[in-house]
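Student: Sequence and predicted structure are below.
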Amino acid sequence: MHTLSIPTWIIHVSSVIEWIVAIWLIWTYGELTGNRNWWGLSLAMLPALVSAMCACTWHYFDNAESLEWLVTLQATMTLVGNFTLWAAAFLIWRSTKSPDTVEPKPIKSEQ
C-alpha cells in the first residue's frame, strides 16, 4: 500500500547519489582553490544527506510504524541542514570580500 513506484524510487536514489557527488565535487574544489570555506560547505551538506537517507530508509521498509522516528529525524536534519548550508554560504560570501575594500562615504551637499 505504501510502496513507491519505480520512477519515484529512481528519483529518490538518484537524488541521494547526486548529493553525494556534489559533496565530493565541492570538497575537491576547496582543495584545488585552497579555500577551506568550500570544505565547510561540503560538510554543511551532510545533514541534508542524512535527511534524504532517512526518507529512503523509511520508504524502503514500507513506512513501518516502528521506524516512525525516522520521520522526526528527517525533519530535524532538514532544519539543521538548512542552517548549516546558510552558515556555509555566508562564510563563502564573506571570504570573497576584499579586505582592501573601502566603504563609500556619503556625498556632502554643497550648500
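Tutor: Arrived safely.
Student: If I look at the residue nearest the centre of the chain, what pLDDT would I see?
Tutor: In the chain, the residue lying closest to the centroid (Cα atoms, centre = their mean) is residue 45, at 3.3 Å. In this model, residue 45 is scored at 98, pLDDT.
Student: Over to residue 96?
Tutor: On pLDDT, residue 96 comes in at 87.
Student: burial of it, as a residue count?
Tutor: Using other Cβ atoms under 10 Å, the number of residues around residue 96 comes to 8. In short, each C-beta sits where N, CA and C put it, glycine included.
Student: contacting residues around residue 16?
Tutor: 49, 52-53, 56 (Cβ atoms under 8 Å, 6 or more residues apart in numbering).
Student: what do you get for residue 27?
Tutor: By Cβ under 8 Å, 6+ apart, the contact set of residue 27 is 38-39, 42.
Student: what would those residues look like in JSON lines with pLDDT and distance to residue 3?
Tutor: JSON lines is the format used below for those (pLDDT from 0 to 100; distance: Cβ to Cβ, whole Å):
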{"residue": "38", "pLDDT": "96", "distance to residue 3": "39"}
{"residue": "39", "pLDDT": "96", "distance to residue 3": "39"}
{"residue": "42", "pLDDT": "97", "distance to residue 3": "33"}
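Student: measure the residue nearest to the centre of the chain to residue 23 for me?
Tutor: From residue 45 across to residue 23, the span is 5 Å (Cβ to Cβ, to the nearest Å).
Student: Check residue 7 too.
Tutor: Counting by Cβ to Cβ, the gap from residue 7 to residue 23 is 25 Å.
Student: Between these two, which is the more surrounded one?
Tutor: Counted by other Cβ under 10 Å, residue 7 and residue 23 do not tie: residue 23 has more neighbours, with 18 against 8.
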